[in-house]
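Engineer: Can you look at this prediction? I've put the sequence above it.
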Amino acid sequence: MDARSNPNVAAVLVALAACLVPYAIGLDSAVAQLPAPSPPLATQPRSTSQPRSVSQPRSVKITEVPRPVEPIQADSGLIEIVPEDIAVPRNSSVTPDRGRADTAASGRDTLSAPRRSAQEPLPETLPAGALPQETLPPGEIRERLTPADVVASLYRFYPEINQARQEAGIAQGDLTAARGAYDLKLKAGTINEPTGFYENYRHGIGVARRTWWGTELYAGYRIGRGIFQPWYRERETEKGGEFKAGLVAPLLQGRAIDEQRVAVFRASLARQMADPILQQAFLFAARDATLAYWKWVSLGSILEATRELLDLAETRGEQFEAGVAAGKFAEIDLILNDQLIAERRAKLLEVERKFREAAFKLSLYLRDELGNPMMPSDEWLPKEFPTIEPLPEDGLASALSTAISLRPEPRRLELEIRQLDIERCLARNQTLPRLDFIMEGSQDVGEPGSSSDDKGPFELIIGAAGEVPVQRRKAFGKIQSLSAKIIQVQEKLRFARDKIDREVRAAYNNLELAAKIVEQTQVSLEAALETLDRYRFAFDRGKIDLIYLNLLETKANETEIKLIEAQEYWFMVLAELQAVSGLDPLDQAALVSELPPSDRPGPGRLPHIDLPELDQFNRDWERRAGSEEEQEGN
């Protein structure tokens with residue numbers, strides 16, 4: 001067919017090339033189906049229509065994943081793997097809420113609460129009121145520092161969390177780079193031989209594009225003028241040049257899956273894996289910050305209790321000084337009391353050292369607007385712990401189910417299994433022969449370039465090419481290796497779930513026992529205070545000496561400190577339970593911050609003991625003295 005005799009042939013070829021180019025450009029549709037990170041959106045206000053609990057409020061958001069992970073069946077190596085087969089759902093990022101809860105502290109079911117929607121985005125900023133009070137404008141009234149202040153500051157500024165956030169950017173960059181295998185390539189070149197007998201000039205330009213299904217498309221234009229060697233006559237074109245378009249399509253190996261698609265799949269799953277990494281970093285950094293906060297609160301209360309014990313000795317010392325001067329007390333009592341004052345001052349200094357050390361540790365998590373560590377002021381110290389709420393009957397079962405579904409470790413391992421399974425699919429496909437279908441069409445246009453005039457007809461080439469390694473050891477070896485790796489990760493996943501179950505059970509058991517310890521310690525403190533007041537009444541009447549009274553005061557103070565430490569331990573175990581359950585640290589911290597102050601005895605809040613009448617006290621003391629004499633006689 002001669003283009004000069006039938007000009008429609010050239011027009012058809014030009015139209016074919018024009019159609020192939022936009023088709024190649026538009027092939028992003030398959031790749032675009034892969035999950036992509038959602039842009040940051042505005043923070044959604046928290047709903048306050050449902051009551052929430054301390055130990056199980058709304059959870060850290062994570063997309064539900066089917067269990068167990070079903071491997072992709074690719075035994076034949078001929079299955080069609082499309083992006084939907086392996087792409088995990090979008091928006092599976094960690095989305096702790098940014099604000100504090102607005103629900104009332106009263107009327108709350110301790111362990112029941114709605115979960116956050118899995119579609120809420122991960123905002124980058126926190127609303128007003130979520131930062132520590134130090135960041136408020138000058139003139140604002142600073143309140144007591146709460147766990148919500150610490151966790152909100154931690155979420156926004158803590159370096160380890162910011163470091164984990166960069167995993168998403170790294171994975172997104174790798175995903176973009178993997179999609180670069182499907183970029184449209186513009187090719188051009190010129191080769192000239194200006195000297196010698198065979199003087200010729202060749203120029204060409206074209207485009208090429210790899211499709212999602214492994215087909216290579218190309219189209220272009222070239223022109224060759226001059227005198228060519230007889231054995232290179234194909235380099236010559238008509239004076240108008242030559243248009244060419246073609247494709248190379250895999251029929252067996254590389255059709256269902258190839259290395260380029262695997263790279264995109266792996267990068268897409270790595271992008272999803274960045275979210276559990278951030279979630280895990282936030283969960284356990286928030287747990288450490290909360291533990292540091294309660295240690296700071298506890299030592300602050302212990303410091304106040306130790307100071308009260310010192311004040312007793314100093315007040316008594318003033319009384320002894322006046323009594324010795326008046327001749328009512330022996331000087332030895334004054335010297336002994338001075339010894340007690342020195343001992344208690346040394347104890348106070350030791351507790352203050354621990355308190356400052358706890359404040360330094362807390363400052364690692366509490367940061368200002370510039371992200372620098374901020375020392376908590378003594379004025380921010382809460383005067384008492386929050387109220388300890390009882391646990392519901394089904395708390396353990398609910399905590400177990402929540403932990404298994406929300407903890408990030410199983411999610412990461414499931415994604416790792418999918419990555420390995422995709423690579424195994426590629427290895428199975430590589431056991432097939434390489435067989436490609438080839439088609440190319442070309443048409444010269446314009447006047448004849450030489451006297452032979454052999455470039456005019458439309459040329460169509462159709463064929464196939466293939467190869468296969470006979471032993472195929474590379475492919476079979478990769479299948480064996482990847483299958484073993486999948487079993488390894490499956491065992492890791494099994495152990496991770498077992499470990500989560502044990503962690504939740506241990507934390508829940510500790511929380512139940514810690515509440516009972518608090519109750520019994522409070523009973524012990526109340527009894528110790530009543531005993532101390534009775535013996536102090538006896539000391540004022542000369543029935544016991546200062547040494548015995550000091551022992552009782554020290555014992556009561558130690559019991560008071562034990563109650564403080566028991567409450568500290570309960571809230572620390574609560575933070576541990578919240579972390580191992582995978583719950584949203586911001587929600588949890590906000591709920592704890594909303595609890596009403598505890599009415600348990602503590603520094604500055606020791607109960608008043610009603611002592612008996614003097615006659616009744618004397619009769620009781622005489623009975624006690626008689627009992628002691630009887631025991632000594634025996």
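Structural biologist: Thanks, I have the structure now.
Engineer: Would you state the secondary structure element containing residue 198?
Structural biologist: Using DSSP states H and E, residue 198 falls within no helix or strand.
Engineer: what's around it, how many residues?
Structural biologist: Per other C-beta atoms under 10 Å, the neighbour tally for residue 198 reads 12. From N, CA and C alone the C-beta is placed, and that goes for glycine too.
Engineer: Spit out the contact partners of it.
Structural biologist: Contacts for residue 198 (C-beta atoms under 8 Å, 6 or more residues apart in numbering) come out as 226-229.
Engineer: how about JSON lines for these, with distance to residue 361 and secondary structure added?
Structural biologist: Shown next, in JSON lines, are the contacts of residue 198 (distance: C-beta to C-beta, whole Å; DSSP: H, G, I helix; E, B strand; the rest coil):
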{"residue": "226", "distance to residue 361": "81", "secondary structure": "strand"}
{"residue": "227", "distance to residue 361": "85", "secondary structure": "coil"}
{"residue": "228", "distance to residue 361": "82", "secondary structure": "coil"}
{"residue": "229", "distance to residue 361": "82", "secondary structure": "coil"}
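Engineer: May I ask which two of the residues you listed are separated the most?
Structural biologist: Farthest pair in the contacts of residue 198 (C-beta to C-beta) is 226 and 229. Separation: 10.7 Å.
Engineer: quick one, which of those two is more surrounded?
Structural biologist: Counted by other C-beta under 10 Å, residue 226 and residue 229 do not tie: residue 226 has more neighbours, with 16 against 12.
Engineer: from memory the more buried one sits against residue 196, does it?
Structural biologist: No: the criterion here is C-beta atoms under 8 Å, and residue 226 misses it with residue 196 at 10.4 Å.
Engineer: Contact partners for residue 548?
Structural biologist: By C-beta under 8 Å, 6+ apart, residue 548 lies in contact with 535, 539.
Engineer: With the one 4 residues further on instead?
Structural biologist: With contact set as C-beta under 8 Å, 6+ apart, residue 552 has these partners: 528, 531-532, 535-536.
Engineer: Among those, name the buried ones.
Structural biologist: The neighbour-count test (16 or more other C-beta atoms under 10 Å) marks 528, 532, 535-536 as buried among these.
Engineer: Among these, which lie within helices?
Structural biologist: Judged by DSSP state H, the subset of the buried ones among the contacts of residue 552 located in helices is 528, 532, 535-536.
Engineer: Kindly indicate which of those residues lies nearest residue 299.
Structural biologist: Relative to residue 299, the closest of these is residue 528; by C-beta to C-beta it sits at 21.2 Å.
Engineer: Might one say that that closest one is in contact with residue 553?
Structural biologist: No: look at residue 528 against residue 553 with C-beta under 8 Å: they stay out of range, at 9.8 Å.
Engineer: and the ones in helices among the buried ones among the contacts of residue 552 as CSV, adding distance to residue 218?
Structural biologist: Output for these, formatted as CSV (distance: C-beta to C-beta, whole Å):
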residue, distance to residue 218
528, 90
532, 95
535, 100
536, 100
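Engineer: what would the residues you listed look like in JSON lines with pLDDT and distance to residue 189?
Structural biologist: Below are these laid out as JSON lines (pLDDT from 0 to 100; distance: C-beta to C-beta, whole Å):
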{"residue": "528", "pLDDT": "91", "distance to residue 189": "95"}
{"residue": "532", "pLDDT": "87", "distance to residue 189": "98"}
{"residue": "535", "pLDDT": "83", "distance to residue 189": "104"}
{"residue": "536", "pLDDT": "82", "distance to residue 189": "103"}
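Engineer: What are the buried residues along stretch 601-614?
Structural biologist: So stretch 601-614, judged by 16+ other C-beta under 10 Å, has buried residues 601-603, 606.
Engineer: Farthest pair within those residues?
Structural biologist: 601 and 603 (9.0 Å).
Engineer: what residues does stretch 216-232 touch?
Structural biologist: 17, 20-21, 23-24, 187, 193, 197-211, 235-237, 239-249, 449.
Engineer: how about a cut-off of 7 Å?
Structural biologist: 17, 20-21, 24, 198-211, 235-237, 241-248, 449 (C-beta atoms under 7 Å, 6 or more residues apart in numbering).
Engineer: still on that earlier bit, columns distance to residue 294 on top of the contacts of residue 198, output as JSON lines?
Structural biologist: Converted to JSON lines, the contacts of residue 198 look like this (distance: C-beta to C-beta, whole Å):
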{"residue": "226", "distance to residue 294": "87"}
{"residue": "227", "distance to residue 294": "91"}
{"residue": "228", "distance to residue 294": "87"}
{"residue": "229", "distance to residue 294": "88"}
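Engineer: Considering helices and strands only, name the one in this structure with the lowest mean pLDDT.
Structural biologist: helix 83-86 (a mean of 36; mean pLDDT, DSSP states H and E).
Engineer: Now the element after it, going C-ward?
Structural biologist: helix 147-157.
Engineer: Packing partners of that next one?
Structural biologist: helix 259-326, helix 585-594 (3 or more C-beta pairs under 7 Å, 6 or more residues apart in numbering; DSSP states H and E).
Engineer: Using TSV, lay out those together with distance to residue 457 and mean neighbour count.
Structural biologist: Converted to TSV, the helices and strands packed on helix 147-157 look like this (distance: least, C-beta to C-beta, whole Å; neighbours: other C-beta atoms under 10 Å):
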stretch	distance to residue 457	mean neighbour count
helix 259-326	37	21
helix 585-594	74	27
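Engineer: Just send those helices back as JSON lines, with distance to residue 416 too.
Structural biologist: Output for the helices and strands packed on helix 147-157, formatted as JSON lines (distance: least, C-beta to C-beta, whole Å):
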{"stretch": "helix 259-326", "distance to residue 416": "7"}
{"stretch": "helix 585-594", "distance to residue 416": "25"}
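Engineer: Indicate which one of the ones you listed is closest to residue 439.
Structural biologist: helix 259-326 (21.2 Å).
Engineer: Check which residues of whatever helix or strand comes next after the closest one are buried.
Structural biologist: Downstream of helix 259-326, the first helix or strand assigned by DSSP H and E is helix 331-363. Buried residues in helix 331-363, counted by 16+ other C-beta under 10 Å: 333-334, 336-337, 340-341, 344, 347, 351, 355, 358-359, 361-363.
Engineer: Can you pull the domain assignment for the chain?
Structural biologist: As assigned by automatic domain parsing, the chain contains the domains 7-33+181-260+434-467, 83-178+273-423+479-633.
Engineer: Point out the most buried one among those.
Structural biologist: domain 83-178+273-423+479-633 (a mean of 18; mean count of other C-beta atoms under 10 Å).
Engineer: and that one, how far out from the chain's middle?
Structural biologist: Computed by C-alpha atoms, centre = their mean, to the nearest Å, the chain-centroid distance of domain 83-178+273-423+479-633 equals 22 Å.
Engineer: and if you look at stretch 249-261?
Structural biologist: In terms of C-alpha atoms, centre = their mean, the centre of stretch 249-261 is found 36 Å from the chain centre.
Engineer: what mean pLDDT does it have?
Structural biologist: Mean pLDDT, stretch 249-261: 94.
Engineer: okay, how far is it across that stretch, tip to tip?
Structural biologist: Separation of the first and last residues of stretch 249-261 by C-alpha to C-alpha, to the nearest Å is 15 Å.
Engineer: what do you get for stretch 242-257?
Structural biologist: By C-alpha to C-alpha, the extent of stretch 242-257 from end to end equals 34 Å.
Engineer: which residues touch residue 201?
Structural biologist: 192, 225-226.
Engineer: could these go into CSV alongside distance to residue 369 and pLDDT?
Structural biologist: What follows is these, written out as CSV (distance: C-beta to C-beta, whole Å; pLDDT from 0 to 100):
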residue, distance to residue 369, pLDDT
192, 65, 92
225, 70, 87
226, 72, 85
